[in-house]
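Enquirer: predicted model and sequence below, questions to follow.
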Amino acid sequence: MVISKEQEVEEILERIRPALMKDTGNIELVKVENEDVYLKLYGTCQQCPVADITMKELVIYTIQESLPWVKSVCIGEEKYNIA
């Protein structure tokens, strides 16, 4: 069975979501284009003063370690190059 890139990202997000939901936040996959992943934050994650740290230490790190094909992660207006 072939798993799409979108499915791979969703599997990773399912592991990340519980941590975000503890603070009434959430994250959604918007799209995958080539090696770029586009995400959107919801709830308290949108205005959190430490969202950048959370993204780098939790979301981006987990994606980078789990999906070596990903070259960048875009969250809202921010783009994080991880290649």
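Expert: Alright, I've got the coordinates.
Enquirer: tell me if Leu20 really is in a helix.
Expert: Yes: assessed by DSSP: H, G, I helix; E, B strand; the rest coil, Leu20 belongs to a helix.
Enquirer: strands paired with the strand or helix carrying Tyr80, and their directions?
Expert: Taking DSSP states H and E as the definition, Tyr80 sits inside strand 78-81. Its sheet considered, strand 78-81 pairs with strand 72-75 (antiparallel) by DSSP bridges.
Enquirer: for the strand holding Tyr80, buried residues please.
Expert: Across strand 78-81, burial judged by 16 or more other C-beta atoms under 10 Å covers Tyr80. The way it works is simple: take the backbone N, C-alpha and C, and place the C-beta from them, glycine included.
Enquirer: what are the boundaries of the helices in the chain?
Expert: 5-21, 51-54, 61-66 (DSSP state H).
Enquirer: hmm, Tyr42 is touching Glu28, no?
Expert: Yes: between Tyr42 and Glu28 a contact is recorded at 6.6 Å, counting by C-beta atoms under 8 Å.
Enquirer: burial count for the residue lying closest to Ile75 once chain neighbours are set aside?
Expert: Once flanking residues are discounted, Ile75 sits nearest to Leu39: 4.8 Å by C-beta to C-beta, 6 or more residues apart in numbering. Leu39 has 21 neighbours, counted by other C-beta atoms under 10 Å.
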